[in-house]
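[1] what would the 3D arrangement of this be:
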Amino acid sequence: MRKKLPERWVQALENRVPYYSILPDPVKYELHKRISVLMHEKNFEGCGGFKLTETEQVIISAYAGLLIIGEPSGYYPSLRTILIYPENYMAPVHEEEESGIMTEGIEPRSGESWDLGTIVLSWEDIQNDLDNSFSGRNLILHEFSHQLDVQYGLTAGIDENGRVRTENEWNDTLSKHYLELKRSIISGKNHLIDSYGATNPAEFFAVTTETFFEDGYRLHREFPELYKIFKSFYNFDPASILPFPG
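    A predicted model of the protein is given here:
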């Protein structure tokens, strides 16, 4: 049996992780187990002069653990390293124009998830999310959900135009709501899910994951079909515990 979390870790959860306070005690216990594994098995590194503390690692592990709270095992098996910058960092980009010409440049980013086992995060953006909890946005949830997408092939059944490659409830529902978001943007209508989700199906999954955990009550009310498949995948029901939206 794995030892209990150190008391200083529990204090960090109580003082710095708003989501922790709303979890039922049995769920807190399950989260503790996942935090312990992630803290011991993953490599956390401060970059760009960022002095990474144990508390910050606990915070990241808490939200990463929340995503797999409904899993008895499977702790992001391909993930090895989490890099944390103090703020947005510059990353190289390569784009192909319609003419076929490749252009290179750099752009600021707040985070990214690499297929080969690395996640990059901006602490400034994480702190902003913590200060504005239950707003529907959470960088940690977003980037770690990309790892789950790659692991399970969650958006592999939908192309970037929203066409379903293999028909099933998951693909059909995801495609339907992805296309609805794209149409809402074109028509200028407001939408619960952030417009960045219209970039491609992978980003739609990640952005919807943020909304599911952070604003699940409204997602359940406005898009019950979408909420249903996310509830089934994550084996978690945030709408039943989240604060009632103001």
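[2] report the contact partners of Leu79.
    42, 117-119, 147 (CB atoms under 8 Å, 6 or more residues apart in numbering). C-beta here means a position set from N, CA and C on the backbone, and glycine is covered the same way.
[3] same thing with Gly70?
    Contacts of Gly70 by CB under 8 Å, 6+ apart are 234-236.
[4] number of nearby residues for the closest residue to it other than its chain neighbours?
    Sequence neighbours aside, Asn235 is the residue nearest to Gly70 in space, at 2.5 Å (criterion: CB to CB, 6 or more residues apart in numbering). Residues lying near Asn235 (other CB atoms under 10 Å) number 11.
[5] pLDDT wise, what is Asn235 at?
    Note on Asn235: pLDDT of 97.
[6] could you chop the chain up by domain?
    Using automatic domain parsing, the domain ranges for the chain come out as 1-90+101-152, 153-246.
[7] mean pLDDT for the ones you listed: which is lowest?
    It's domain 1-90+101-152: among those, that one has the lowest mean pLDDT, namely a mean of 89.
[8] of all the contacts of Gly70, which comes closest to Tyr178?
    Using CB to CB, Tyr234 comes nearest to Tyr178 of these, at 18.2 Å.
[9] which residues touch the closest one?
    67, 69-70, 212.
[10] export those residues to a markdown table and tack on distance to Leu52?
    Converted to a markdown table, these look like this (distance: CB to CB, whole Å):
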| residue | distance to Leu52 |
| --- | --- |
| Leu67 | 21 |
| Ile69 | 24 |
| Gly70 | 28 |
| Phe212 | 28 |
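[11] buried ones among the residues you listed?
    Buried subset of the contacts of Tyr234 (neighbour count, 16 or more other CB atoms under 10 Å): 67, 69, 212.
[12] which SSE is the last one in?
    Right, the one you point to is Phe212. According to DSSP states H and E, Phe212 maps onto helix 201-214.
[13] how about the nearest residue to Glu222, chain neighbours excluded?
    Leu192 (5.5 Å).
[14] distance of the one you found from Gly70?
    Leu192 sits 23 Å away from Gly70, going by CB to CB, to the nearest Å.
[15] and for Leu83?
    On the measure of CB to CB, Leu83 and Gly70 end up 27 Å apart.
[16] same question, Trp170
    Trp170 sits 16 Å away from Gly70, going by CB to CB.
[17] ok so, going back, ok, and for the helix holding Phe212, which residues are buried?
    Buried residues in helix 201-214, counting neighbours by 16+ other CB under 10 Å, are found at 201-214.
[18] then stretch 5-18?
    Neighbour count says stretch 5-18 has 5, 9-10, 12-13, 17 buried, by 16+ other CB under 10 Å.
[19] again with stretch 183-190
    Ser184.
[20] which residues does that stretch contact?
    With CB under 8 Å, 6+ apart, stretch 183-190 has contacts from 191, 195, 198.
[21] from those residues, which single one is nearest Ala156?
    Ala198 (18.5 Å).
[22] residue contacts, the closest one?
    178, 181-182, 185, 204.
[23] relative to Lys176, how far out is it?
    Relative to Lys176, and taking CB to CB, Ala198 is found at 14 Å.
[24] same check on Trp170?
    Distance from Trp170 to Lys176, by CB to CB: 11 Å.
[25] same question, Asp129
    28 Å.
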